[in-house]
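> Pasting a predicted model and its sequence here:
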Amino acid sequence: MKNFLDLVILIEMRKKTTLSGYGIIAIIESNFGKLVSSGTIYSALYSLERKGLIRGASEDRRTVYFLIDSGKAVVYDMTNTRKEILSFIVRFLFA
């Protein structure tokens with residue numbers, strides 16, 4: 001799960017306007033049945049923010065995060081190359 005955490009966060013942010021760290025934890029637990037620590041999530045969020053893919057903003061005494069244009073472009077590229085990625089994985093694992 002940790003290997004795909006950035007991808008999960010970015011895709012979930014594409015679906016919602018803003019998300020908090022605890023909101024992401026709840027989504028991951030609900031969708032994947034995995035409990036991820038807040039330290040893991042916030043570390044990933046800070047990393048994505050440093051990479052210039054998301055931005056954090058204070059809202060009601062908490063920080064919420066949202067995709068910025070560069071993050072939206074990354075999600076678009078990843079979702080539009082899904083067939084190529086799946087094909088590569090199949091060839092790599094079953095060759």
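The structure has been received and is ready for your questions.

> C-alpha only now, for contacts and for neighbours.
OK.

> roughly how far is stretch 26-46 from the heart of the chain?
Relative to its chain's centre, stretch 26-46 lies at 10 Å (CA atoms, centre = their mean, to the nearest Å).

> for that stretch, how far is the first residue from the last?
In stretch 26-46, first residue to last residue: 18 Å (CA to CA, to the nearest Å).

> in that stretch, what counts as buried?
26, 27, 28, 36, 41, 42, 44, 45 (16 or more other CA atoms under 10 Å).

> Can you name the residues that contact residue 43?
If you count contacts by CA atoms under 8 Å, 6 or more residues apart in numbering, residue 43 has none.

> Starting from residue 54, give me the distance back to it.
13 Å.

> residues in contact with residue 48?
6, 54.

> ugh, wrong one, residue 20
Going by CA under 8 Å, 6+ apart, residue 20 touches 62, 63, 64, 65.

> Which phi and psi values does it adopt?
phi -90, psi 170 (degrees, to the nearest 10).

> mind checking which helix or strand residue 48 is in?
Element membership of residue 48, judged by DSSP states H and E, is helix 38-50.

> swap in residue 14?
Using DSSP H and E, residue 14 sits within helix 5-15.

> ok, and what's touching that helix?
With CA under 8 Å, 6+ apart as the criterion, helix 5-15 contacts 19, 24, 44, 45, 48, 65, 66, 67, 71, 72, 75.

> any low-confidence regions in the protein?
By pLDDT under 70, the low-scoring segments of the chain are 1-3, 95.

> would you turn the contacts of helix 5-15 into JSON lines with secondary structure?
Listed next are the contacts of helix 5-15 as JSON lines, based on DSSP: H, G, I helix; E, B strand; the rest coil:
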{"residue": "19", "secondary structure": "strand"}
{"residue": "24", "secondary structure": "helix"}
{"residue": "44", "secondary structure": "helix"}
{"residue": "45", "secondary structure": "helix"}
{"residue": "48", "secondary structure": "helix"}
{"residue": "65", "secondary structure": "strand"}
{"residue": "66", "secondary structure": "strand"}
{"residue": "67", "secondary structure": "strand"}
{"residue": "71", "secondary structure": "helix"}
{"residue": "72", "secondary structure": "helix"}
{"residue": "75", "secondary structure": "helix"}
